[in-house]
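*Asks:* Compute the structure for the input listed below.
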Amino acid sequence: MQLELFSEVYYDIETQLSANEVGGWENIHRMRVAVAVTWSPEEGFRQWEEPAAKDLVPYLSGFGRIFSFNGDGFDSRVLSHYGDVKGIHEHSYDLLTDLKRRLGHRLSLDSLAQATLNVGKTANGLQSLQWWKEGKIQLIADYCRQDVQVLVDLVSFARKNGFVRYSDRTTGEIFTVKVNW
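*Replies:* Below is the predicted model:
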């Protein structure tokens, strides 16, 4: 499928192994894909499991803009085990990277989702790892899909309003940050 230069895709990855199981965070490339979910206007949602991870790399690289939350620091590093992620990096738009640059500190996706969309995450990475060990692939896929939906909704909200909100993890106070996604 030939995609237009300005087309966009959103993605998230859940892994099979934790940082502890691969010898630390410097070995993210060893964590292996459990489930990845993508969404694009052209195709909607797609689910990818490890056997298809090698195909996910060129698929993502074919888009003009690749949205993620911590994709630069985590997801693309997981994918580097399966192929050259240079094309992903060239078109990456990592919301966490952008917000960290604007604010000087990290935020969680849950903080953004709750404060901006009034939607909370349904699980976390540790729960996903447990589901992997239990063979509950569909639960991982549903969780990953929900994170991608939050990403799509955050970008849509930001494009309509010019800002997103987040809550301070210490005080719970809600702050607004202007963005141009």
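*Asks:* which helices and strands does the helix ranked longest in the chain pack with?
*Replies:* Counting by DSSP state H, the longest helix found in the chain is helix 137-161. With contacts defined as 3 or more CB pairs under 8 Å, 6 or more residues apart in numbering; DSSP states H and E, helix 137-161 has these neighbours: strand 8-15, strand 33-40, strand 44-49, strand 65-68, helix 95-103, helix 109-112, helix 125-133, strand 163-167. Bear in mind the C-beta positions are built from the backbone N, C-alpha and C, glycine included.
*Asks:* Pick out the shakiest of these, pLDDT-wise.
*Replies:* For those, mean pLDDT drops lowest on helix 125-133, to a mean of 87.
*Asks:* Centre of the chain to the longest helix of the chain, how far?
*Replies:* 8 Å (CA atoms, centre = their mean, to the nearest Å).
*Asks:* Now do the buried residues in that helix.
*Replies:* In terms of neighbour count (16 or more other CB atoms under 10 Å), helix 137-161 has its buried residues at 139-152, 154-155, 157-158.
*Asks:* Quick check: mean pLDDT of it?
*Replies:* Here the average pLDDT along helix 137-161 is 96.
*Asks:* Strand 8-15 and that one, what's the angle between them?
*Replies:* Angle, helix 137-161 to strand 8-15, by axes from the mean of the first three to the mean of the last three CA atoms, to 10 degrees: 140 degrees.
*Asks:* what inclination does helix 137-161 have with respect to strand 33-40?
*Replies:* 30 degrees.
*Asks:* what does helix 137-161 rub up against?
*Replies:* 10-14, 34-39, 45, 47, 49, 67-69, 95, 109, 112-113, 116-117, 119, 121-123, 127-128, 131-132, 164, 179-181 (CB atoms under 8 Å, 6 or more residues apart in numbering).
*Asks:* Give me the buried subset of those residues.
*Replies:* Here, 16+ other CB under 10 Å leaves 10-14, 34-39, 47, 67-69, 95, 109, 112-113, 116-117, 121, 123, 127-128, 131-132, 164, 179 buried among these.
*Asks:* Test my guess that Thr97 contacts Asp75.
*Replies:* No - Thr97 sits out of contact with Asp75 when judged by CB atoms under 8 Å, with a separation of 11.9 Å.
*Asks:* Comparing the two, which shows the higher neighbour count?
*Replies:* Asp75 (26 against 17; other CB atoms under 10 Å).
*Asks:* Am I right that that one is in a helix?
*Replies:* Yes - Asp75: assigned to a helix according to DSSP: H, G, I helix; E, B strand; the rest coil.
*Asks:* Next, work out how far apart the residue nearest to it when sequence neighbours are not counted and Gln47 are.
*Replies:* Counting by CB to CB, 6 or more residues apart in numbering, Ile13 is the residue found nearest to Asp75 once chain neighbours are left out, at 4.4 Å. According to CB to CB, to the nearest Å, Ile13 stands 11 Å off from Gln47.
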